[in-house]
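Q: Task: produce atomic coordinates for the following.
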Amino acid sequence: MLHVWNKWRSRMPAGVLALVVCTAGISCSTGVKPGFVSGAFNSRSIVNGGLAVGFVVNREGSPSLKAYERHLYTDQLASYILGNNPQLKGKLDSYGYVSARIGKPFSSFINSFKMEGELSRRSVEQLKEAQLRRRFLMLVTILPVDEEIQLPVEVEGVGGLINPEIEDYEDVRYQTGRLKVVHVQVYDTKTGSKVQDQLYSSDDGNILLATERHGRRYTGNSLMGALANSVSNRISKSGNNHPPAPSETVTLNYIWERIAKSVPGATRS
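A: Residues are numbered from 1 along each chain as shown. Model (predicted):
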């Protein structure tokens, strides 16, 4: 099984594409403004002021993440950010520091964020009172989008070893993708204002994270070739040869890296 990045939209049937767009669009009806990044959130201000990755949560209405999951996902994202922006070494904090700094109100701080979909006025005041040593605070919400997508089977005629001029074999490629979407918000802890509000998904840039399975089957008239490939042909033609989609963990790691590469000042984009 191979994880690949597939430019999939141009090959998707219209009905499937519409379903995916509609599913991803769930978040758009909640006031999310994809693409909003303030000019105050730039490479210089991040390096000078630092960045704290506060927490990762599931969208309100979805099962809550356990504390260790919030901690794990947040640390993973912070690690990807540091790996793509080495200038932030010593200037990047994560879940543990933010939790300790805010103290006992941290649980209610998280719950309020989940319910409101952003920091409430009270939460902004709590944030200012906490006086984080980093100027910017990143908060992430995993949206309730989790779709497994079987891409159309790709078939290509191939010549055999005995008669290479005759395409009596087929190379068959099956791919299955997983669509997940997260909402990223960054706040300026000094002013309490939001400086970034964006969506990231596993199909950004029309490239879908997918697993792959491929093989070759015989389609000619040779009796021996037909017998040798009869079983594989039946399986291939059944349409059940798509591999399992990438796991949620693999998909989220892919999105964490996409977020990290988009942070102003990142060295790898």
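
Q: count of residues packed around the nearest residue to Tyr95 once chain neighbours are set aside?
A: Leaving aside its chain neighbours, Tyr95 sits nearest to Thr74 (3.9 Å; criterion: C-beta to C-beta, 6 or more residues apart in numbering). For glycine as for every other residue, the C-beta is placed from the backbone atoms N, C-alpha and C. Counted by other C-beta atoms under 10 Å, the residues lying close to Thr74 total 25.

Q: Report whether the expected contact of Thr74 with Ser94 is present.
A: Yes: Thr74 is within contact range of Ser94, at 5.3 Å (criterion: C-beta atoms under 8 Å).

Q: what is in contact with the two at once?
A: Val53 (C-beta atoms under 8 Å, 6 or more residues apart in numbering).

Q: Quick one: mean pLDDT for the lengthiest strand in the chain?
A: Across the chain, the longest stretch assigned as strand under DSSP state E is strand 169-188. Averaged across strand 169-188, pLDDT comes to 91.

Q: by contact count, what packs against that strand?
A: Other helices and strands packing on strand 169-188, by 3 or more C-beta pairs under 8 Å, 6 or more residues apart in numbering; DSSP states H and E, are strand 2-7, helix 14-24, strand 136-150, strand 154-158, strand 194-201, strand 207-218, helix 248-262.

Q: between those, which gets the lowest average pLDDT?
A: helix 14-24 (a mean of 31).

Q: Could you identify the helix or strand that succeeds that helix?
A: Using DSSP states H and E, the helix or strand that follows helix 14-24 in sequence is strand 36-37.

Q: List the strands paired with that following strand, with their directions.
A: Strand 36-37 has its sheet partners listed here by DSSP bridges as strand 194-201 (antiparallel).
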